[in-house]
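Colleague: Give the three-dimensional model of this entry:
(2 chains)
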Amino acid sequence: MHVTAVQTDGVFSILWLVIALPALGALVLLAGGKRTDKWGHWLGVATVAASFVLSLILFFALLGKDEGERQYTQHLWNWFSAGSYSVNIDLLYDPLSAVFLLLITGVGALIHVYSVGYMEHDERRRRFFGYLNLFVASMLVLVLAADYVGVFLGWEGVGLASYLLIGFWQHKPSAAAAAKKAFVINRVGDIGLSLGASLIFVTFGSTSFAVVSAHADKASGATLTAIGLLLLLAACGKSAQFPLQTWLLDAMEGPTPVSALIHAATMVTAGVYLIVRSNFIFSLTEDARTGVIIVGTITLLMGAVIGCAKDDIKKALAGSTMSQIGYMVLAAGLGPAGYAFAIFHLLTHGFFKANMFLGAGSVMHGMDDDVNMRHYGALRKAMPITFATFGIGYLAILGVPPFAGFWSKDKIIETAFGDNFLVGMCALIGAGVTAFYMTRLMLLTFGTTKRWEKGVHPHESPKVMTYPLIALAVLSAGGGLLLAGDWIVDWLTPVVGEHEEHHLAVGAVGMSLIALAVVAAGVAVAWFLVGKRPVPKEAPSKVSVFTRAARADLYGDAFNDEVIIKPGVVGIRGLATVDRSVVDGLVEGLAVALTAISATFRRVQNGLVRSYALTLLGGAALVLLTLLAVNFG
Amino acid sequence: MKFDAPHLEYSQLAPLLIVLGVATIGVLVEAAVPRTQRYAVQVGLAIAGTVAAIADTIWVFNKLHPWSGEAKPGRIVAESALTLDGPAIFCWILVLVFSLLSILLFAERRLEGGVTAFAGQAAALPGTEAEREASTRGLEHTEVFPLLMFAVAGMMIFPAANDLITMFVGLEVLSLPLYLLCGLARRRRLLSQEAALKYFMLGAFSSGFFVYGMALVYGYAGSMQFDKIAFAVSAGSGSHALLLGGMGMLLVGLLFKVGAAPFQAWVPDVYQGAPTSVTAFMAAGTKVAAFGALFRLFYVAFGGARWDWMPVAWGVAILTMVVGSVMALSQTDVKRLLAYSSVAHAGFMMTAFLGARSLADIGPGEIQPVQAVLFYLTTYGLTNLAAFAIVTLVRDPSGEATSMSAWTGLGKHSPLVAGIFSFLLLGLAGIPLTSGFTGKWAVFTSAASAGAWPVVIVAVLGSAAAAFFYVRIIVLMFFTDPVGETSVAIPSVMTSSVIAIGAAGTLVLGVVPGPLLDLLGRVAEFVR
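Modeller: Sure, this is the predicted structure:
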């Protein structure tokens, strides 16, 4: 749909403050140094909470407007201009950014509160909150920018914040390596965004959404496909989609609130946002959409399979995140029929996955930071609140009615079947595998018998951590209300456009029943394989080839090693040899030669004024002779 | 017989008169004011005089309307002795600003423990009882301030002169105080006196060439005035050999002052021996004055004969760049290295000299040679002043430690000083985002658009070779372990502000050169 926004006025003119507050928080916390140690974390919480309040005010103001008038831009300043091209720092507030604002600041505020408790004993807590605020500000820039260059600014900002937070415990080599890996792989995706934005500029002469959406239909199909695929590459990097998925599992080295906020609820969904925001391009290119669908489908299955084999609770959840984002990308690839459901699933997933990550953090908090689920078991008694809230998240991700996930995932599967039977089947199978690995996770953690290590005394977490859990559990349970009366679909229509309902042969209710049956099967398999058997404390080594592959992240890293890194290293070695022997040889040889000449001529500079005077005389003679030679020669 | 009083435009000449007046008062101060108060009075007088002269010069400059699109060309004043056009007045501003910064360096007392870096009693033989006594009594020569002001006056007359006599007077007025100043170093007296004597003898020798050239040109044109010489050149009357000989001799005198090869032999010895603050002043100020004079004489008076002198200028430019860059490679003393760097920079400025074309050939918006060289002089002067100011900070028990071995590992214990010095070196090397890059770009563009391609290629290669020895110091400072007892002294606010202004200028003119280049583009035209 076209972006034809009007200038902000009235209450909407506070829009910039939503970004400015967390940005200011980050500045104070990072530049203020130790002076802010005492109260810094509460400042971090306060800025994001205030942003959330502002987002609520803006949301209700937007709700009060007619459907056709729900797009506002705020011109802040001209960033740079070159010739006829100029990039303004403009903000775009429309139904899509409105829901993102609520998600980012709302979940963000809850996770900030939770972190106050979680990071209590960390002496660098203030810095942690500074980074978190920086992340929230960058993410808000990303979703509010009215220009691809502005999006890129936020995109890089969240990448930086993610890098800093994954490597927050940089004294651990594994955390430092994970941060580096995330950064490098994200750069590959960033190339997609910068090339995509460049191609957009070359094609349309502008990078603002308004201009591009107005002229998108005039560009050639091949160009649009190229733009779409480049944006898809960007989305793959940020959203951990195949083939750039490997960083997300390692990113779990970061503190758990980071995993919940950045690597589950918000940043990793930026790719989905980018595709939905660029709907005016994807709607016109069937080929790029097909690419999106393929990527989404592969990833949703891959993530689910990886989730099945992980004993590390956070990595199991990370696999699940990949898989769920795969669903969103798939939905976004389905075009106008799926955009709204992609965003809907993004929201509900933001609720229940943040809920479960924070729950996992709460478990780790009680288990002395052990992440191995084989050392858990029977925690439902020791941590009743965590168990209850986690359980709600579990039911939500499985898609059990009436929890949030049911409404959103069901819609995606339904739409996928409407588009293509094979894709629909994959989505359906994915739901079954999801049921399996989540049930396994629940059983290993809260069910079965105690397998605690010596000296571990699980206990419920403090209130500052459980209250956000309860709030997120409520949202996980009731998030489906957004679909009541097709509200979310209608709400997003001004952004993503109208679409026709698909009518499946089995009908919507029939589809839901089939999906539920598949989920039930997945639960049952897990119950018989995990719940009914004793769980060994060490992971068994004699396992099937499939388990081994899943444990190795389906060889994503091995693939990168063999196909990209090893040839790259060989190439670089070759270049280094050429550099050393040919280039350096030339340069150094020249330097040696010049220095030798210099040393020789230094003898002329003997310090005797009489020889200087002689050279002066000689020079004068030379000048005169040259003048005469030129003129009379 | 009737005498007419010469008509002088006092309001236009006021900056020059202020400087000369302050210099004269300074001499009186030496005679009248008690020794204990002289330092304060002289420093105050010199700073006040320079600031007043700067303000007045800007007022005069403003009369050219340099900020608008329609700048006025300026006028010839003082009975045709001086020209006050854009280049001349801009040279005045540069010389005055550089001298203000130099006064701050001259006045620095904290580094030597309460006295300036100038000899207590210059007349005392080195190593004698008299010298030791002067030193223990904390004597210092405050005459340096009036000497500096006289030199400044000479530097103002030199590029503004409109006839050969005035130009020669300017040359001598600027040179004589400098000869003296060179010999006044507090430490390493012998080296300093040797430098002064060498500079004096070679300077006198080169002045002889200049005077002989004047005589030959007078014989050719029958006048000392530039416009009349230009007329004679375009008319083609007189003996061509006289003209060639005269031009050659004058060129030798001027090239000696700018330190171009093959007349550069004095530069390293004098730069090394002179007190570092004097070296800084010489390097920045003399270059402005001498290049201003060189351009004016050869563009205005000999512009019509440029096909005669252009081949020599090409050769000199190439030779100067090569000699400066190559000789710098084997230097082991920081001051000598900066001296050869100054020679190389003289060569780069000579490339702008090759951009001479008739005005009709210069397209709108193109970089003109005068504009380019004035910009280059600004950037070079600022960077150089700051670099020499830093040289005064690095010390060992015997004074300034200028041997490069003493600078090893400086980055380890004084990262700030070493960092700024590295930045200034990168500026001298002409790395982008420093003023050195934009300056080089300007002079090379101007030379290339006049067809001096071969010289520009040599210049670019020379810059690459030059980068080698600048970066060598950076490597030395940051990637070698410290040895010896070198330390970095904490200067007073005066030296610090010189370093800060120089470094800031190097950065600002590298990042936003546009405004200054545009301004110079509007005023960089000689009045004939």
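
Colleague: Quick check: closest non-adjacent residue to residue 21.
Modeller: All of this refers to chain A. In space, and not counting its chain neighbours, A:L21 is closest to A:T47: 4.4 Å by C-beta to C-beta, 6 or more residues apart in numbering or on different chains. The way it works is simple: take the backbone N, C-alpha and C, and place the C-beta from them, glycine included.

Colleague: Actually, chain B is the one I wanted.
Modeller: B:G49 (7.5 Å).

Colleague: do the same with A:Q7
Modeller: Counting by C-beta to C-beta, 6+ apart, the residue nearest A:Q7 is A:T73, at 6.3 Å.

Colleague: thinking again about what came up before, what packs against the helix or strand where the residue nearest to A:L21 lies?
Modeller: Per DSSP states H and E: A:T47 is located in helix A:40-63. Under the contact criterion of 3 or more C-beta pairs under 8 Å, 6 or more residues apart in numbering or on different chains; DSSP states H and E, helix A:40-63 touches helix A:15-32, helix A:95-118, helix A:125-144.

Colleague: immediately after that helix, which helix or strand?
Modeller: For helix A:40-63, the following helix or strand on the C-terminal side (DSSP H and E) is strand A:72-82.

Colleague: Looking at the residue nearest to A:L21 now. What's its pLDDT?
Modeller: Looking at A:T47, its pLDDT reads 92.

Colleague: circling back to that earlier point, tally of neighbours for the residue nearest to A:Q7?
Modeller: 24 (other C-beta atoms under 10 Å in any protein chain shown).

Colleague: ok, now A:I293?
Modeller: By the other C-beta under 10 Å criterion, the neighbourhood of A:I293 contains 23 residues.

Colleague: which ones are touching it?
Modeller: Going by C-beta atoms under 8 Å, 6 or more residues apart in numbering or on different chains, A:I293 touches A:L330, A:G333, A:L334, A:D419, A:N420, A:V423.

Colleague: Looking at those, state which has the most neighbours.
Modeller: When neighbours are counted by other C-beta under 10 Å, A:L330 leads these with 32 neighbours.

Colleague: just checking, that residue touches A:I294?
Modeller: No: using C-beta atoms under 8 Å, A:L330 is not in contact with A:I294, being 9.1 Å away.

Colleague: who touches whichever residue of chain A sits closest to chain B in this structure?
Modeller: As assessed by C-beta to the nearest C-beta, chain B sits closest to A:G619 within chain A, at 3.5 Å. Residues near A:G619 by C-beta under 8 Å, 6+ apart: B:V252, B:A261, B:P262, B:F263.

Colleague: how about 10 Å then?
Modeller: Residues in contact with A:G619, defined by C-beta atoms under 10 Å, 6 or more residues apart in numbering or on different chains, are B:206, B:209, B:252, B:255-256, B:260-265, B:316, B:319.

Colleague: Quick check: mean pLDDT of stretch A:485-499?
Modeller: Stretch A:485-499 carries an average pLDDT of 78.

Colleague: before we move on, what about stretch A:250-268?
Modeller: For stretch A:250-268, the mean pLDDT works out to 85.

Colleague: quick revisit: neighbours of the residue nearest to A:L21, how many?
Modeller: For A:T47, the tally of surrounding residues (other C-beta under 10 Å) stands at 26.

Colleague: Out of the contacts of A:I293, which sit inside helices?
Modeller: Applying DSSP state H to the contacts of A:I293, the entries found in helices are A:L330, A:G333, A:D419, A:V423.

Colleague: wait, what's in contact with the second one?
Modeller: Okay, so that is A:G333. Residues in contact with A:G333 (C-beta under 10 Å, 6+ apart) are A:232, A:275, A:282, A:288-297, A:339, A:342, A:416, A:419, A:423.

Colleague: now the last one
Modeller: Contact partners of A:V423, counting by C-beta under 10 Å, 6+ apart, are A:I293, A:I294, A:G296, A:T297, A:L300, A:L330, A:G333, A:L334, A:I413, A:T415, A:A416, A:F417.

Colleague: From those, pick the one nearest B:K2.
Modeller: For these, the minimum distance to B:K2 (C-beta to C-beta) is 102.4 Å, reached by A:G333.

Colleague: Not counting residues beside it along the chain, what's closest to B:I89?
Modeller: Excluding its sequence neighbours, the residue lying closest to B:I89 (C-beta to C-beta, 6+ apart) is B:F61, at 4.7 Å.

Colleague: buried residues in the strand or helix carrying that neighbour?
Modeller: Under the criterion of DSSP H and E, B:F61 resides in helix B:35-62. For helix B:35-62, burial by neighbour count (16 or more other C-beta atoms under 10 Å in any protein chain shown) applies to B:38-39, B:41-43, B:45-47, B:49-50, B:52-54, B:56-57, B:60-61.

Colleague: need the residues of the stretch 401-528 of chain B near chain A, please.
Modeller: Within the stretch 401-528 of chain B, the positions lying close to chain A (C-beta under 10 Å from any C-beta of the partner chain) are B:L461, B:A464, B:A465, B:F468, B:F469, B:R472.

Colleague: what stretches of the stretch 501-633 of chain A score poorly on pLDDT?
Modeller: By pLDDT under 70, the low-scoring segments of the stretch 501-633 of chain A are A:501-506, A:633.

Colleague: In three-state terms, label B:A124 for me.
Modeller: coil (DSSP: H, G, I helix; E, B strand; the rest coil).

Colleague: Return the residues in contact with it.
Modeller: The contact partners of B:A124, by C-beta under 10 Å, 6+ apart, come to B:A130, B:E131, B:R132, B:E133, B:A134, B:S135, B:L139, B:R189.

Colleague: Could you report the pLDDT at it?
Modeller: Note on B:A124: pLDDT of 82.

Colleague: and the helix-or-strand element of chain B with minimal mean pLDDT, how far from the chain's centre?
Modeller: Within chain B, judged by mean pLDDT, DSSP states H and E, the helix or strand with the poorest mean is helix B:129-136; its value is a mean of 82. Computed by C-alpha atoms, centre = their mean, to the nearest Å, the chain-centroid distance of helix B:129-136 equals 33 Å.
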